[in-house]
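Novice: The following comprises the amino acid sequence and a computationally predicted model.
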Amino acid sequence: VSTLSLCFRINRRSGGLFLQTKMAAPLTLLVIVAVTIRAVLFRSSLAELISERVEVVSPLNSWKRVVEGLALLDLGVSPYSGDVFHETPLTIYLYHFVIDYAEIVCMVTDGITAVALYLAVQVYNKNVFRKQKYALEADRYPHDCLELMQTPKELFYVPLKVAMFYLLSPFTILSCVAKSTCGINNAIVALFVLCTIKGSALLSAIFLALATYQSIYPITLFAPALIYLLQRLYIPVNLRRQSFWLFTLQYAFMFVGSLVVIVGLSFFLLGSWDYIPSVYGFILSVPDLTPNIGLFWYFFAEMFEHFRLFFICVFQINVFFYTIPLSIKLKDHPVFLMFMQIAIISIFKSYPTVGDIALYMAFLPVWSHLYRFLRNIFMVSCVLLACSALFPVLWHLWIYAGSANSNFYYAITLLFNVGQVLLVSDYFYAYLRREHHLSHGLYLKKKDGSEATLVLK
Amino acid sequence: MGLLSDPNRRRALTNLLTRLNTPICVLCYLAGVAWFMGLAFEPFTLRTYMSENAMGSTMVEERFPAGERALVTAREFGAHKRKSGAMPVDWLVKTMQSRGLEVYTQSFSRRLPFPDENKERYMVRGTNVYGILRAPRAPRTEALVLSAPCSPDNSNNQAVGLLLGLAQYFRSQIYWAKDIIFLVNEHDLIGMQAWLEAYHHTNITGMDWAPLHGRGGSIQAALSLELSSDVVTSLDLVLEGLNGQLPNLDLANLFYTFCQKQDILCTIQEKLQRSDWDSVSGYSQAVQTMALMVLKQASGRPWGDHGLFLRYHIESATIRGINSFRQYKTDTTTVGRLLEGMFRKLNNLLERLHQSYFFYLLPSLSRFVSIGYYMPAFGFLAVILLLRALDLWVQLGALPSVTEDGVGSRALPLQSSSPSLVSILTPVVISHLTGAALYTLPVLSQELAVQHFPVSETEAVVLTAIAIYTAGLALPHNTHRYSSIAKQGWRVLKLVAVLYLAVLLSCTALINFSLGFILALTLVPVAAFVTPHVPKVLSAVVMVLLAPGCTLLYCVFAFQELQEAPVSLIDGWMLFLSVISQGMLDHALYGSLVYPLLALFIYPCWLILWNILFWK
Amino acid sequence: MPTLTLASARSPFRDEFAEELAIRPLHSGDIHASFQFRTVWGVDLLQATDPRFLRYAILPREIVCTENLTPWKKLLPCGSKAGLAVLLKSEKLFHSSYFSQAVHIRPVCQGMHCTVPSWEMRQTLNVVFDLYTSGQGKREWSMFKIKIYVDVTDSPQGELFELSPPTPLLSQAVVLGDRRTYSVYDLTDPGTFGKVRSLNLLVRWKADNGDMLRPLLHGERYVAGFGLQTGEIHTLIYNNHPYRAFPVLLLETVPWYLRLYIHTLTVTSKNRENKPSYIHYQPSKDRLRPHLLEMLVQLPPNSVTEVTVQFERALLKWTEYPPDPNHGFYVGSSVLSALVPSLVAMDTNITQEHPLFSSFFLCKEESSYFMRVYTEPLLVNLPTPDFSMPYNVICLTCTVVAVGYGSFYNLLTRTFQVEEPSQSLAKRLANVIRRWRGVPQL
């Protein structure tokens, strides 16, 4: 144990600057490759096709609707007077300036997200490594757990893998080529993650407020951010401590304050409140039943009118109510909690697109040390791969050939969402299992001394 | 969720599957083939029935009287066609106008990527003539189409004559609720594509068309007529359209019902109906009919002018008159009455045809096999690929002797357990580049080839394609020198290839079941059994014999056999070359997907498997 | 329907009724017959509403049939028992190729000073009898029995068609900017009838049909594109005037489930862009109101103007589809309103001797007349969900949500424990027997 910890110490000292220069070249290469792929696709005839795909754009983030909203503004009609435009007022002004450079802006936001995730994961890995080192020196782990330790070599490449998973993921590329505004939302969430992990409470609150302002669901990220910042300041998460409440109120005040400022600014920009029913009312009440990869559209297309409000509430609460139980279970692991929250939002939100999925999938390399405990990874990846390939085929058969009907597309949607749920819960299982082994030892024996298997009871 | 979470049961099932993998694969393959052959067996098929209520009974009284006059018009048309050499546009316009239709013409032109055998030149120009019968007091929202092609030689004159005769008869009736468009198109499919693209104002294939001035609203159904003789002995129904799309089965049911009412012999795949389907000869005829339909559907080309309507979600079929040596002959008046009856029924439609099946196979006109019955045949073949993938995954995971549960000692703690994905990227990329070359180079390099070799452009294109295809076989021997974990790299590559093939074949089978099934028949055994450890020479020969190119060759020979017109080897080879050129032309002219699918996806997949065979 | 009462003693004006029939033989061999009935009441029937509000409603799916004709005939003072209305036999009328009936109610001025309010109800019925369906292809048409005007402008010396019995009475009027000559048969004059107490009007065409007449302004509309996701509405406006350009007001109401993208609106004339001088657009609100687009477009002379706009088709709730959802949904006609410059100056002196059909639309400008053209309605298919599946869909989707919930619940509430394998039933039974026998257990 001591020799291993010595190795780790030497490696840490020689890191730092060396690490950064060594990683700059592959990162630049990655960015160049990503930009090239996107540029090639922008110039091809596929760009038009991709920007109409319902899996990639939804009524909330379609670029065509942004252009439509700006055209309405030019005609002197409020973009919120119709039911086509559902972007927030601050973003109207952003798009107004960049409408001619939309492609460059999309590539830049993808770059910002990738770099933010890269830096965030780098800092997080440093923290993880340091904690692991201290725990090893304090001899807190059972002796057979050394295999479960993360080596510096593994941790070295993880940030690059995260950036690669985001930039080169087909989902992200499709989302960028379609000029979906999901890229901007992802960038804001990534910046929020970066600021939280770096420990800046004010910036984290501001970005969280921006993310919530864009689409309501990121408000659930308040809990993991709070827990992480508390942990960083060594304030124990205990409801009876005054320091806990002091910091919580401070953070909440910063968050609510920024949100109020942003909402007020939107009001003053357009002079009316009618963006609230058009944006937030739309997200929460799901009036538009355009097919997408989520569960809401067909469910509410076939819903009995009498129960519609009830099930809207049930489905919306479903997104929010995992926060408290997950926070209680994962209160010592706030970054994993953040990943789980982002995943739950991407799966269960009212208008999901592949851009949302790309964001949480970018985090998967951070948990690559859990690989040995994943149970269903092969089946789940096959299901996700097959469904991604079958989406356009069944859409074509329904909408263009007219031979299939909506049930085929709906079935693939169900299968895709089941696959995603199994993926996330598999990672959750693996994470909890590793924690269990770290506290109870890796090779467990039954009462009679033979090899044991672990089950959940 | 017990199976997914209980480690004991998972381990037991996985062990079972890995131990019995090969026997299960062989069993599944045989089951798939047997299931397919059993589809045509009479007790397993369902009788066809009319699903659409609006077309339920045949209680219309057909009164079309003017068959002879139609033949006179046909002879006039033939004479004018011979005189002008191309379509007699002015005569057609005048004739249609005198029958009270609103007549419009449309000119179009198209530059072919390479001139095929029929049209010796690059540029094809033509004119379509169509007349609209406006339904009285109706708001021009729906239309029906009756079309007859204007063929350059002496065929299809009677079709145009009958079309004009029907136009005259229909014009004096008061019961039409939908507009009827009578269309005479030049250059067969090219003219039809130009008309349809102009009608829907789209430009999918790069055709140059003049805009249409008259429209009838949204087209509900279309019938195409091919009639080349004064009397017919039977009427053949052609259903297969572009990319293997089929019209709604109700259209076939409608045709069959009216054939029975008018007492006309009707055929499908030019095979007569019989009454003893459960005898051995009956079964063999059913299998032949079904196999012909499968081969025609797999080719992805439209087998009649109706084939292009299906893309626009317009149900359409072609009725072809056949004059063979039979005693019982049907005259033109009866054929006209059949068409009148069908149109009156289509006039009654309240909704688009949607009640009956869109995916089916027809062993005969009175029996059908729906998708729920034929898909398991493909499913058995796809399961083989999934079983193989599972087997490979377990083998890959078992290398460091890790148990299924995730806890176990690792033999190589410092080295990464799975070979990196980068090492297998090279063969994949090279295979796809070869596929891309196969897709783009033949047409692009025809000029170069014609300069250097004494062949025509068509032959140049086809021979370049075959050359690239064969050159791909020589490629993969040197691509994997650099991988250090070459020993197990082939497993990862095979896993990727098997999953890729499974997804590809599933997507193909959903769009065009026949194409997916035929490709699965030959590619699945190859994918399942190829490893670097099988005897190289024998496996190489087997792989080449089961390659996509040879599959196409076998299909050509089988098609000729089934049509009772067997060909010799030389003729078969020439037919094979013409099929390749036709496939490329179909892709360029109408957007058929068979050629890009084979060149860009199936062939690279086969190349990856070929690569695995020669893995060192 | 308020009862007709005599006007009060204050006003000297009495109620009156007039009817007439105008027949116009067309070049193609069809006959256009136009019935006009005018009832004027000298009372103030109802309070006028604010003239600034225009309410526009359309039922694109409904087709006119005998069920509409019967109540329409009942609006006439004598119903269908006397007058020209006797000629309106449903069977003959619906053997035509074009049929249109209308009711217009408006306040009119009586006299120059407009002191007395009176209300006018005009009922018009226009029929085009088809050469092929009613005439069996023979180029002659006859109809018998009030004032009948026959338009002989196109054949003043009888070269296009021959009218029998001949009549010396001729009258001229300007209709739709065109000066036309009419032969008049006055049925109130017994001299018209001759010995037989019925009039049989016969029109026999001499020559073959000439070229088709083209109106100065007409429009067409169609849906371009295929598939159930997007589409494009193309409206073609034809200006057939040889040298005059004039503006036209285009009004389109598109239902909310075809979401229009106004930034894709293009107007082209003669392959060049033609920017409209005025656009008013009110976007739709889902399930509340349709799109309203109004544009003022200048039409160059002798040209075709094409207005295109892209739309996206929405998926509706299953209860919002009609019983035949695969038929499609109707989009109402667009309305083209224009002051078309006429080729002839119009006489603004309104006297009672002018035919009814020429004095309906008055306009101050001498050289143009008002015309309103309706294009054809469109039939558009929308994607449909499967209507037989509500329970299945609810169950399956809730199952997927439950799978997520169940997985998370398990992981949140349970902990890892070492598993003690439980013995199977057979083993337990064997152990019991062994214990009883005194032999060591499995």
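Specialist: Cool, the structure landed.
Novice: Next up, phi/psi of the residue of the stretch 251-400 of chain C found nearest chain A, please.
Specialist: For the stretch 251-400 of chain C and chain A, the shortest gap (C-beta to the nearest C-beta) falls at residue C:283, measuring 2.5 Å. C-betas here are computed from N, CA, C, even on glycine. Here is the backbone geometry of residue C:283 (degrees, to the nearest 10): phi -70, psi 160.
Novice: in the stretch 1-150 of chain C, which segments are predicted with low confidence?
Specialist: Scanning the stretch 1-150 of chain C for pLDDT under 70 picks out the ranges C:1-14, C:44-49, C:111-112, C:116, C:131, C:133-150.
Novice: Now do the strands in it.
Specialist: C:16-25, C:31-41, C:98-109, C:117-129, C:140-144, C:147-151 (DSSP state E, counting those that start in this stretch).
Novice: is it possible to export these to JSON lines including distance to chain A and mean neighbour count?
Specialist: Output for the strands of the stretch 1-150 of chain C, formatted as JSON lines (distance: least, C-beta to the nearest C-beta, whole Å; neighbours: other C-beta atoms under 10 Å in any protein chain shown):
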{"stretch": "strand C:16-25", "distance to chain A": "44", "mean neighbour count": "19"}
{"stretch": "strand C:31-41", "distance to chain A": "41", "mean neighbour count": "20"}
{"stretch": "strand C:98-109", "distance to chain A": "33", "mean neighbour count": "13"}
{"stretch": "strand C:117-129", "distance to chain A": "37", "mean neighbour count": "19"}
{"stretch": "strand C:140-144", "distance to chain A": "45", "mean neighbour count": "15"}
{"stretch": "strand C:147-151", "distance to chain A": "46", "mean neighbour count": "21"}
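Novice: Mind putting these into JSON lines with distance to residue A:142?
Specialist: Below are these laid out as JSON lines (distance: least, C-beta to C-beta, whole Å):
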{"stretch": "strand C:16-25", "distance to residue A:142": "104"}
{"stretch": "strand C:31-41", "distance to residue A:142": "101"}
{"stretch": "strand C:98-109", "distance to residue A:142": "92"}
{"stretch": "strand C:117-129", "distance to residue A:142": "97"}
{"stretch": "strand C:140-144", "distance to residue A:142": "107"}
{"stretch": "strand C:147-151", "distance to residue A:142": "108"}
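Novice: what's the closest of these to chain B?
Specialist: Among the strands of the stretch 1-150 of chain C, strand C:98-109 sits nearest to chain B (C-beta to the nearest C-beta), with 5.0 Å.
Novice: So what touches that closest one?
Specialist: With contact meaning C-beta atoms under 8 Å, 6 or more residues apart in numbering or on different chains, strand C:98-109 is reached by B:136-137, C:40, C:48, C:64, C:68-69, C:72, C:75, C:93, C:117-128, C:360.
Novice: List the contacts of whichever residue of the stretch 251-400 of chain B sits closest to chain C.
Specialist: Per C-beta to the nearest C-beta, residue B:351 is where the stretch 251-400 of chain B lies closest to chain C, at 3.8 Å. By C-beta under 8 Å, 6+ apart, the contact list for residue B:351 reads B:54, C:324-327.
Novice: excluding its backbone neighbours, what's nearest whichever residue of the stretch 1-150 of chain A sits closest to chain C?
Specialist: Relative to chain C, the nearest point of the stretch 1-150 of chain A is residue A:82 (2.5 Å; C-beta to the nearest C-beta). Excluding its sequence neighbours, the residue lying closest to residue A:82 (C-beta to C-beta, 6 or more residues apart in numbering or on different chains) is residue C:283, at 2.5 Å.
Novice: separation between that neighbour and residue A:80?
Specialist: 9 Å (C-beta to C-beta, to the nearest Å).
Novice: now do residue C:60
Specialist: If you go by C-beta to C-beta, the gap between residue C:60 and residue A:80 works out to 29 Å.
Novice: and the two? which has more neighbours close in?
Specialist: Per other C-beta atoms under 10 Å in any protein chain shown, whichever of residue C:60 and residue A:80 has more neighbours is residue A:80, with 25 against 16.
Novice: where does the more buried one land on pLDDT?
Specialist: pLDDT recorded at residue A:80 is 92.
Novice: Doesn't it belong to a helix?
Specialist: Yes - under DSSP: H, G, I helix; E, B strand; the rest coil, residue A:80 falls within a helix.
Novice: any idea how far it is from chain B?
Specialist: According to C-beta to the nearest C-beta, to the nearest Å, residue A:80 stands 32 Å off from chain B.
Novice: in terms of contact, does that residue touch residue A:271 like I think?
Specialist: No - if you go by C-beta atoms under 8 Å, residue A:80 and residue A:271 don't touch, sitting 11.5 Å apart.
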